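> I need the structure of the sequence given here:
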Amino acid sequence: QVQLVESGGGLVQAGGSLRLTCEASGRTFSDLALAWFRQGPGKEREFVAATAWHDGKTDYADSVKGRFTIIRDNTQNTMYLQMKSLKPEDTAVYYCAARFRGPNLTRTWATYNDRGQGTQVTVSS
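Residues are numbered from 1 along each chain as shown. Next up, the predicted model:
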């Protein structure tokens with residue numbers, strides 16, 4: 001089992017930037033397929049970005065492509081989500097998720113065995 005702890009959320013004005021952090025423990029980090037999801041108020045949880053466990057390839061939802069960057073640091077057992085040009089519609093609880101090996105870059109919440117508690121991001125207009 002993988003333990004995941006998110007941090008870095010907060011209140012930011014539209015157009016601003018934030019960096020979310022997800023610290024992992026319990027498994028060899030480089031063997032983890034990782035992803036960020038989010039759930040906005042009154043919305044379904046949605047995929048944001050993913051990074052593969054064996055080659056570090058990435059995938060992004062269209063809504064964040066070009067604005068968000070997913071970064072994994074295998075030396076620090078940490079994943080980041082660098083967010084820029086934030087919009088009010090980015091307001092959500094952001095969750096990191098992990099799965100030990102297996103298919104990479106999946107966009108489905110249920111395919112990740114381990115999830116964090118979430119960190120709130122609020123973007124004001």
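
> so where do the strands sit in the chain?
Counting by DSSP state E, one finds strands in the chain at the ranges 3-7, 10-13, 18-25, 32-39, 46-51, 58-60, 68-73, 78-83, 92-100, 114-115, 119-124.

> winner for burial among the ones you listed?
Counting by mean count of other CB atoms under 10 Å, strand 32-39 has the highest mean neighbour count of the strands of the chain, with a mean of 24. From N, CA and C alone the C-beta is placed, and that goes for glycine too.

> centroid residue for the chain?
Geometric centre of the chain, nearest residue: residue 36, 2.2 Å, by CA atoms, centre = their mean.

> which residues are in contact with the nearest residue to that one once chain neighbours are set aside?
Closest residue in space to residue 36, ignoring its immediate chain neighbours: residue 48 at 4.2 Å, by CB to CB, 6 or more residues apart in numbering. By CB atoms under 8 Å, 6 or more residues apart in numbering, the residues touching residue 48 are 35, 36, 37, 38, 60, 61, 64, 68, 81, 94.

> reformat those as CSV; add pLDDT.
Below are these laid out as CSV (pLDDT from 0 to 100):
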residue, pLDDT
35, 97
36, 98
37, 98
38, 98
60, 98
61, 98
64, 98
68, 98
81, 98
94, 98
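
> greatest separation within the residues you listed: which pair is it?
The largest separation in the contacts of residue 48, counting by CB to CB, is between 60 and 94 at 14.0 Å.

> ok so, going back, you'd agree the residue nearest to the centre of the chain is up against residue 81?
Yes - between residue 36 and residue 81 there is a contact under CB atoms under 8 Å: 5.0 Å.

> re earlier: bridging residues for the residue nearest to the centre of the chain?
Residue 36 has the following beta-bridge partners by DSSP bridges: residue 49, residue 96.

> how close does it get to residue 125?
According to CB to CB, to the nearest Å, residue 36 and residue 125 sit 23 Å apart.

> just the mean pLDDT for stretch 45-54, thanks.
The pLDDT scores in stretch 45-54 average 95.
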